[in-house]
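> need a structure here:
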Amino acid sequence: MRSYTINIIPGYAADPTVHISQYDKDYPIYFTIMDGNTEADLTGVTALFSMTKPDGTKAFEECAIADGKVILFVTAQMSAAAGIGSANLTLTKNTRKESTSKFTVEIESAAAPEDYLSGYEMSYYDTVLSRIDNAVLAVADAQGYADAAAESANAAAVSAEQASAISMADAIACFPVGTILMTATNTNPGTYIGGTWTAIEGSFLLAQSEDHPAGETGGAETVELTVDNLPRHMHYTIRMAQGETSPDYLHTVARSDFTHSQWENARYQLYGVEAEANSGKSSYVGDGTAHDNMPPYLAVYVWKRTA
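Down below sits the predicted model:
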């Protein structure tokens, strides 16, 4: 395996003479690319090998990038004529081109170099080359599968987003402005239906009518009754007639007899007279406490869409 170190700074004095044998057809040559004293980062880099052959004709070849190295596969066109030529390795990254200094290429005669004499080694290198080709193809296939999967995922995400937008639009259309929604969950419907919703609190809902137009409010949780709220009725006092002796009517009270200047028992007849404020009244009852004015109920969250 041949390998060389190339510096991407033009005119760098250590650029080598690259040796290519006519025997090197389809054989890889590895270039370690240096950026000063460190190996260059070849992520996202493409490499092009351009060559002026000994006979003055040109040859170009795209290079592979693997394991942080540039790999040149020698073609029959490159090694067709023995002699001294020149070459340039161009690196491109993010549309910016960076070239090595022009270096010398020596194309050796067709005789196999000493390190290629073994038939076993020939078979070994052919096997290695085949594996490299397969690996490059596998990487390309894997990248293709990854790109296709990414496109499918993006398409699925777009479809899901579009479906969500459609479903939200349909949901909003089902709940126009003015809709009343009741739920046992304290979640603003705007978060899952859309639109603007305002909570309604502390009120029963009443179907509108001529007497109660839409939007009217009223009512009270408790009511304190007044006399006007009571059914019409009467209260009776007991009639106590003077001179009657029946136990049902006889009420004895003490009074002063101004005629005889002494106390004695006497009977009285009492009448309820409206014109007299205290006539015929009974004792007071009740304390005016308000009573509950609500039917059996279940409290829920009520929302009204306002926009």
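> did I read that right, Val136 in a helix?
Yes. Under DSSP: H, G, I helix; E, B strand; the rest coil, Val136 falls within a helix.
> ok, for it, nearest residue in space, not its chain neighbours?
Of all residues not flanking Val136 in the chain, Ala64 sits nearest, at 5.9 Å (CB to CB, 6 or more residues apart in numbering). All C-beta atoms are positioned from the backbone trio N, CA, C, and that covers glycine.
> and what of Lys53?
Gly85 (4.8 Å).
> what count of nearby residues applies to the one you found?
22 (other CB atoms under 10 Å).
> what's the answer for the one 10 residues further on, then?
Residue crowding around Thr95 was assessed by other CB under 10 Å; the count is 5.
> next one, pLDDT for it please.
Turning to Thr95, the model gives it a pLDDT of 81.
> all strands for the stretch 101-250 of the chain, in order.
For the stretch 101-250 of the chain, the strands defined by DSSP state E, counting those that start in this stretch cover 103-108, 180-183, 197-200, 222-223.
> can you list the buried residues in the longest one?
Put plainly, it is strand 103-108. 103, 105, 107-108 (16 or more other CB atoms under 10 Å).
> which one of these is nearest to His291?
Top of the list for closeness to His291, among the buried residues of strand 103-108 and by CB to CB, is Phe103 at 107.0 Å.
> quick one on the thing from earlier: if I read this right, the residue nearest to Lys53 contacts Thr57, doesn't it?
No. Using CB atoms under 8 Å, Gly85 makes no contact with Thr57, being 9.4 Å away.
> can you give me the neighbour number for Ser99?
Neighbour count of Ser99, defined by other CB under 10 Å: 15.
> who is it paired with across the strands?
Beta-bridge pairing for Ser99 (DSSP bridges): Thr90.
> please report how far it lies from Thr92.
According to CB to CB, to the nearest Å, Ser99 stands 9 Å off from Thr92.
> quick check: domain ranges of the protein?
2-112, 118-174, 175-237+272-281+298-307 (automatic domain parsing).
> find the centremost residue of this protein, please.
Glu161 (11.0 Å; CA atoms, centre = their mean).
> residues touching the nearest residue to Asp55 once chain neighbours are set aside, list them.
Sequence neighbours aside, Ala81 is the residue nearest to Asp55 in space, at 4.7 Å (criterion: CB to CB, 6+ apart). By CB atoms under 8 Å, 6 or more residues apart in numbering, Ala81 lies in contact with 53-55, 107.
> just the residues you listed now: which is nearest Ala171?
Closest approach to Ala171 among those (CB to CB): Lys53, at 72.0 Å.
> ok, how many other residues are close to that closest one?
Around Lys53 there are 22 other residues, counting by other CB under 10 Å.
> what's across from Asn7 in the sheet?
In beta-bridge terms (that is, DSSP bridges), Asn7 pairs with Met34.
> and the pLDDT for it?
76.
> determine which of the domains of the chain approaches Asp292 most closely.
domain 175-237+272-281+298-307 (6.0 Å).
> just give me how far that closest one sits from the chain centre.
Chain-centre distance of domain 175-237+272-281+298-307: 41 Å, with CA atoms, centre = their mean, to the nearest Å.
> tell me how far the ends of it are from each other?
Domain 175-237+272-281+298-307 has its terminal residues 11 Å apart, counting by CA to CA, to the nearest Å.
> tell me the mean pLDDT for it?
Average pLDDT, domain 175-237+272-281+298-307: 83.
> what do you get for stretch 105-123?
Throughout stretch 105-123, pLDDT has a mean value of 61.
> many thanks, I have nothing further to ask.
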